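[1] have a look at this fold, sequence not included:
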DNA sequence: CATGAATGAGATTTCATTCAT
DNA sequence: AATGAATGAAATCTCATTCAT
């Protein structure tokens, strides 16, 4: 037997360190040397666990995304009434990202990667799928709330889902740029407005 | 005089071509050679008009942003009632970007640049200012509508402005990823919901 | 005892697989990983049987050469007249290599290794010895044929031996490059011409 | 206008230096740094003149080959009687290579490259063409000599051409390995034997 | 003014070899 | 005796920037 290693543990160590470094300096400005140093492994090991730099970055994204997703989705299933579940979803999404705000730039890098010619397909596909999943979850919730009479029947569920998710996304960007305001308060206030209407 | 006009025209030619190339391949994957070729000028000329690659990119962003801004803000000042002006703002913003969707990736690159350690200060500052301007415009509009009784007085104007702008931003990202849906329809539907409330 | 047999068998397994891989991709483009995989042993085992990559390659060459040599020399010793033995030597040399044409590139790699600064001494020495042996064998045969009156006495035995061996060598290279022609037919035709003269 | 350079002169400077280095250390053991240093240009310039290392090596081969070819072919056309022309061809080929023996290893490297998986197609094609050209020249000469009655009519012209070329090739390899003998003397002696026959 | 040849630091990636298990 | 994880030196190639012409 060769050196016995917990491959999963080592992989995770690389992933955590790399995500941190990618978030700090971006994909291109972070070298494999940086990553190896930050993870406390040799450059060669990086290639033992990930085929190349892009794959490593993609894995960082997947890892980070999985954590956020789990948190965001949790509340959707947990509460009973539709209003609470929708508000809970928005609030938890914001909260989850707020707690990991230092890693948020990874998402910005992923968006950029989805635009870059070399990496377009892979990353835009991943994002497309991610948003589609979110919209499906939220719009399903909206429709069932309409069925049970909790939400107005003439509301376009797809549009509402897309806009709600977009609002949370856009809010986080603003918060990341300027952490002086309280995004969860904004979400709560906004969701209440949305339910009762802002028109007098 | 004629010289100055020539310089401006050449600068604009560089700017347009560069914005297109940056949008196609991203900042790092676009070389100065690419840009010179695309603009039909020599590499040396690029440095005649812009101090370095980052400056050129920043100028592209400023140029693109100015175009969008002009379109987006236009309706805010239009003479009409608060509801129409708010909806008009959202709609025009979406429309402006939709018409220039090929250049949208430049915004994604700017967000990424705002996160990268080397370029953070400059780009995050620019974005921060941009969003603050938008929020100020919208929240002012909201408050005056509240004063005139068109909007409920207990709505948090800052939160509403931030969330509305975020929603438009987030929607565009989704649309860029998947151009199969109609973002302006979503915006209209959503804004109506927001005014009248979605709760039954 | 059994152990020793095992070791020899394993060594041979490594040698066969490595020769095949070296022939396919060349010395530099074949990694120790490739070789271990192809031989069905671990990378560590390779170093158990051979000091390093160069030693392993040299052993492959020796092994391959020994096989060819045995076949080529066989006929030289056969009981028959000088003409038949010379033709037989040329024919068998060609035949032996033709049967192992897939491994022929190993010889090309050896020639290249004999030129490279790092490996020059060892490989050029080996080739020098090999050709000297061949020439000695053939020229001895020529001289004895001259003594017995089968060959003209004024022929330079060394030159004839060198050229004959060179001709076979050069022919094989051409055949390897373009397997569409019949090298044994060429050899036979040529040897006959050589004996009876091509001048009218 | 940018720096005015004689591109052809610089290209040739790179070619000469590179051929020398490739001959000394082989393709793989010669780094682009080595080549730049030897040619007295920067590494970047190498890529200005040649797309990559393989292209540079191929160009070295072409350049070296062109020189040899010119010398070898010259005599084929120059002499009047067939015997003199055939002998002259063989002699000049040997002489040309003997004068450039320090660069001869480049040919060995090319043969190896023709076997290596990555570069096989390109280099084996080049060699195949080269040998086919040589054979065509020589066999044409042989056939015309047969027509004019200078050579026996029953000699297989193709086989004779292939073997003669092979003999020169193989001789040079032996000479390169062991420069203690006189290859031109061997060629002359051998060609005479070939014309008059070695059988008594 | 404009050009584009030249530079060389620095990027990603490979791989022979070692050695803990 | 056998394994294969780990290492890090060294390779090829790119590209922002400069500056002679």
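    On my side now, so go ahead. What you see is a predicted model; the values in this text were computed from it and never measured. Numbers count the residues shown, from 1 in each chain, chains lettered A, B, ... in the order given.

[2] the helix or strand encompassing residue A:168 and chain B, are they touching?
    Using DSSP states H and E, residue A:168 sits within helix A:157-177. Yes. Judged by Cβ under 8 Å from any Cβ of the partner chain, helix A:157-177 comes into contact with chain B at A:158-160, A:162-174, A:177. No exception for glycine: its C-beta is placed from N, CA and C like everyone else's.

[3] okay, residue A:70: pLDDT?
    Looking at residue A:70, its pLDDT stands at 83.

[4] what's the following helix or strand after the helix holding residue A:168?
    With DSSP H and E, the next secondary element past helix A:157-177 is helix A:183-196.

[5] may I see the buried residues of that following helix?
    A:183, A:186, A:187, A:188, A:189, A:190, A:191, A:192, A:193, A:194, A:195 (16 or more other Cβ atoms under 10 Å in any protein chain shown).

[6] repeat that for stretch A:52-60.
    A:53, A:56, A:57, A:58, A:59, A:60.

[7] what does stretch A:31-41 give?
    So, applying 16+ other Cβ under 10 Å, buried residues of stretch A:31-41: A:32, A:34, A:35, A:36, A:38, A:39, A:41.

[8] I'd like the residues you listed written out as TSV, with distance to chain D, pLDDT and secondary structure added.
    Shown next, in TSV, are those (distance: Cβ to the nearest Cβ, whole Å; pLDDT from 0 to 100; DSSP: H, G, I helix; E, B strand; the rest coil):
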residue	distance to chain D	pLDDT	secondary structure
A:32	21	97	helix
A:34	24	96	helix
A:35	26	97	helix
A:36	24	97	helix
A:38	29	96	helix
A:39	30	96	helix
A:41	28	96	coil
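
[9] ok, back up a step: now the angle from the helix holding residue A:168 to helix B:157-177?
    110 degrees (axes from the mean of the first three to the mean of the last three Cα atoms, to 10 degrees).

[10] next, the angle helix A:183-196 makes with helix A:157-177.
    Going by the same axes, to 10 degrees, helix A:157-177 makes 160 degrees with helix A:183-196.

[11] report all helices and strands that helix A:157-177 contacts.
    helix A:82-99, helix A:120-147, helix A:183-196, helix B:120-147, helix B:157-177, helix B:183-196 (3 or more Cβ pairs under 8 Å, 6 or more residues apart in numbering or on different chains; DSSP states H and E).

[12] and if we set it to 6 Å?
    helix A:82-99, helix A:120-147, helix B:120-147, helix B:157-177, helix B:183-196 (3 or more Cβ pairs under 6 Å, 6 or more residues apart in numbering or on different chains; DSSP states H and E).

[13] Throw the buried residues of helix A:183-196 into a markdown table and include pLDDT and distance to residue C:80, thanks.
    Rendered in a markdown table, the data for those read as follows (pLDDT from 0 to 100; distance: Cβ to Cβ, whole Å):
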| residue | pLDDT | distance to residue C:80 |
| --- | --- | --- |
| A:183 | 97 | 99 |
| A:186 | 97 | 103 |
| A:187 | 96 | 101 |
| A:188 | 96 | 106 |
| A:189 | 95 | 108 |
| A:190 | 95 | 104 |
| A:191 | 95 | 104 |
| A:192 | 94 | 109 |
| A:193 | 94 | 109 |
| A:194 | 95 | 105 |
| A:195 | 93 | 108 |
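
[14] of these, closest to DNA strand E?
    Using Cβ to the nearest atom of the strand, residue A:183 is the member of those that lies nearest DNA strand E, at 33.0 Å.

[15] residue B:195 versus that closest one, what's the distance?
    Between residue A:183 and residue B:195 the computed distance is 23 Å (Cβ to Cβ, to the nearest Å).

[16] is any residue of the one helix or strand in chain A whose mean pLDDT sits lowest near DNA strand E?
    Ranking every helix and strand in chain A by mean pLDDT, DSSP states H and E puts helix A:53-78 at the bottom, with a mean of 87. Yes. Helix A:53-78 lies within reach of DNA strand E by Cβ under 7 Å from any atom of the strand, at A:53, A:54.

[17] equivalent analysis for stretch A:15-32, please.
    Yes. Using Cβ under 7 Å from any atom of the strand, stretch A:15-32 reaches DNA strand E at A:30, A:31, A:32.

[18] and that stretch, anywhere near DNA strand F?
    No. Judged by Cβ under 7 Å from any atom of the strand, stretch A:15-32 stays clear of DNA strand F, getting no closer than 8.6 Å.

[19] residue of chain A nearest DNA strand F, please.
    For chain A, Cβ to the nearest atom of the strand, closest residue to DNA strand F: residue A:44, 2.1 Å.

[20] who touches that residue in this structure?
    Listed by Cβ atoms under 6 Å, 6 or more residues apart in numbering or on different chains, residue A:44 has no contact partners.

[21] let's see it at 10 Å
    Residue A:44 makes contact with A:32, A:36, according to Cβ atoms under 10 Å, 6 or more residues apart in numbering or on different chains.

[22] can you check residue A:177 too?
    B:111, B:114-115, B:123-132.

[23] redo that, cut-off 7 Å
    Contacts here follow Cβ atoms under 7 Å, 6 or more residues apart in numbering or on different chains; on that basis residue A:177 touches B:114, B:124, B:127, B:128, B:131.

[24] ok, and of these, which contact chain A?
    Residues of the contacts of residue A:177 in contact with chain A (Cβ under 7 Å from any Cβ of the partner chain): B:114, B:124, B:127, B:128, B:131.

[25] and which of those residues is nearest to residue B:9?
    residue B:127 (29.2 Å; Cβ to Cβ).

[26] not counting sequence-adjacent ones, nearest residue to residue A:54?
    residue A:119 (6.3 Å; Cβ to Cβ, 6 or more residues apart in numbering or on different chains).

[27] ok, that neighbour to DNA strand E distance?
    12 Å (Cβ to the nearest atom of the strand, to the nearest Å).

[28] surely that residue touches residue A:113?
    Yes. Residue A:119 is within contact range of residue A:113, at 4.5 Å (criterion: Cβ atoms under 7 Å).

[29] comparing those two, which shows the higher neighbour count?
    residue A:113 (24 against 19; other Cβ atoms under 10 Å in any protein chain shown).

[30] could you measure that one against chain B, distance?
    8 Å (Cβ to the nearest Cβ, to the nearest Å).

[31] residue A:13 too?
    For residue A:13 relative to chain B (Cβ to the nearest Cβ), the value is 22 Å.

[32] contacts only, for that residue.
    residue A:39.

[33] quick check: the farthest pair among the buried residues of stretch A:31-41?
    Once Cβ to Cβ is applied, the buried residues of stretch A:31-41 give A:34 and A:41 as the farthest pair, at 12.2 Å.

[34] what residue ranges in chain A score low on pLDDT?
    A:1-4, A:75-80 (pLDDT under 70).

[35] chain C contacts on chain A?
    Counting by Cβ under 7 Å from any Cβ, no residue of chain A is near chain C.

[36] possible to save the residues of stretch A:15-32 next to DNA strand E as a markdown table with distance to residue A:11?
    Formatted as a markdown table, these follow (distance: Cβ to Cβ, whole Å):
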| residue | distance to residue A:11 |
| --- | --- |
| A:30 | 18 |
| A:31 | 20 |
| A:32 | 16 |
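
[37] ramachandran angles for residue A:104?
    phi -50, psi -40 (degrees, to the nearest 10).

[38] report the separation between it and residue A:64.
    In terms of Cβ to Cβ, residue A:104 sits 9 Å off from residue A:64.

[39] with residue A:168 instead?
    For residue A:168 relative to residue A:64 (Cβ to Cβ), the value is 16 Å.

[40] of those two, which one has the most company?
    residue A:168 (25 against 22).

[41] from memory residue A:110 sits against residue A:60, does it?
    No. Using Cβ under 7 Å as the test, residue A:110 is too far from residue A:60 to be in contact (9.2 Å).

[42] which outside residues touch stretch A:22-39?
    A:13-14, A:17-18, A:20-21, A:42-43, A:46, A:53, A:57, A:60, A:102-103, A:105-106, A:109, A:113, B:28, B:112, B:115-118.

[43] tally up the residues packed near residue A:115, please.
    24.

[44] right, I'll call it a day here.
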